[in-house]
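K.L.:
Mind folding the following:
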Amino acid sequence: RGLTEEGGAAKRPPPFWSCMQLSWRHSGAREVYKIALRILEKRQRSNEELRAMLKERHCEEAAFDEVLERLEELGYVNDHELAHLFIRKAQTKGWGPRRIRIELKKKGLAKFGEHLEDEVIDDYPRILEYTTQQRDKGKTDQQIMGALDRLGHRRTLIMRALKEAPKSVWLRRVYLDLIG
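P.N.:
Just a heads-up that it's a prediction; the model follows:
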């Protein structure tokens with residue numbers, strides 16, 4: 001279950017019987033609403049993800065807009081909050097802005113990735129630390145660059161880290177043994 005911006009638990013969907021008390025403009029909306037609540041019980045979804053999942057379950061498409069609008073009003077579908085939580089989680093995984101933008105697009109949250117460069121600051125110290133650790137493990141610069149590139153970091157920062165990071169401890173020992 002997701003967290004709100006305040007750090008508390010996200011709202012849980014109401015019990016299924018509560019949809020009986022709501023009035024619906026479309027006749028199939030009640031069933032679509034029940035299915036949507038079952039989907040949202042597992043984890044928070046974006047508006048687009050939920051729409052696709054309802055479509056997969058062959059629900060009446062005419063009722064989608066009404067149900068999704070009601071779920072947004074009740075606070076069970078909140079794309080802005082979901083994007084914010086996803087960005088924070090991705091940053092803790094070490095993902096760069098490019099990878100985050102790609103994953104947001106997959107989730108149907110592409111509009112929140114447009115200004116990502118403004119919000120997400122590439123974590124250069126983390127890139128530098130990762131480069132040093134990988135060199136100490138015997139990884140080549142090419143392997144390190146590939147890994148950081150797949151994480152979505154900017155190539156200029158990767159190249160800077162490769163230049164500034166100390167060479168591996170192992171290589172320094174081999175070099176000292178050769179000259180000394």
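K.L.:
Distance of Ile35 relative to Met53?
P.N.:
8 Å (CB to CB, to the nearest Å). To be clear about C-beta, it is placed using only N, CA and C from the backbone, and glycine gets the same treatment.
K.L.:
And Glu69, by the same measure?
P.N.:
In terms of CB to CB, Glu69 sits 17 Å off from Met53.
K.L.:
ok, the two, which is more surrounded?
P.N.:
The neighbour comparison of Glu69 against Met53 (other CB atoms under 10 Å) goes to Met53, with 16 against 12.
K.L.:
surely Leu54 meets Tyr33?
P.N.:
No. With contacts counted by CB atoms under 8 Å, Leu54 stays clear of Tyr33, the gap being 10.0 Å.
K.L.:
so what sits against both of these two?
P.N.:
Overlap of the contact sets of Leu54 and Tyr33 (by CB atoms under 8 Å, 6 or more residues apart in numbering) consists of Val67.
K.L.:
where does the protein dip in pLDDT?
P.N.:
The model of the chain has pLDDT under 70 over residues 1-27, 115-122, 168-177, 180.
K.L.:
80 instead, please
P.N.:
Low-confidence segments of the chain (pLDDT under 80): 1-28, 113-123, 168-180.
K.L.:
In it, what residue spans correspond to helices?
P.N.:
Secondary structure of the chain by DSSP state H: the helices cover 29-42, 47-56, 64-74, 79-92, 97-106, 116-119, 124-136, 141-150, 155-164, 169-179.
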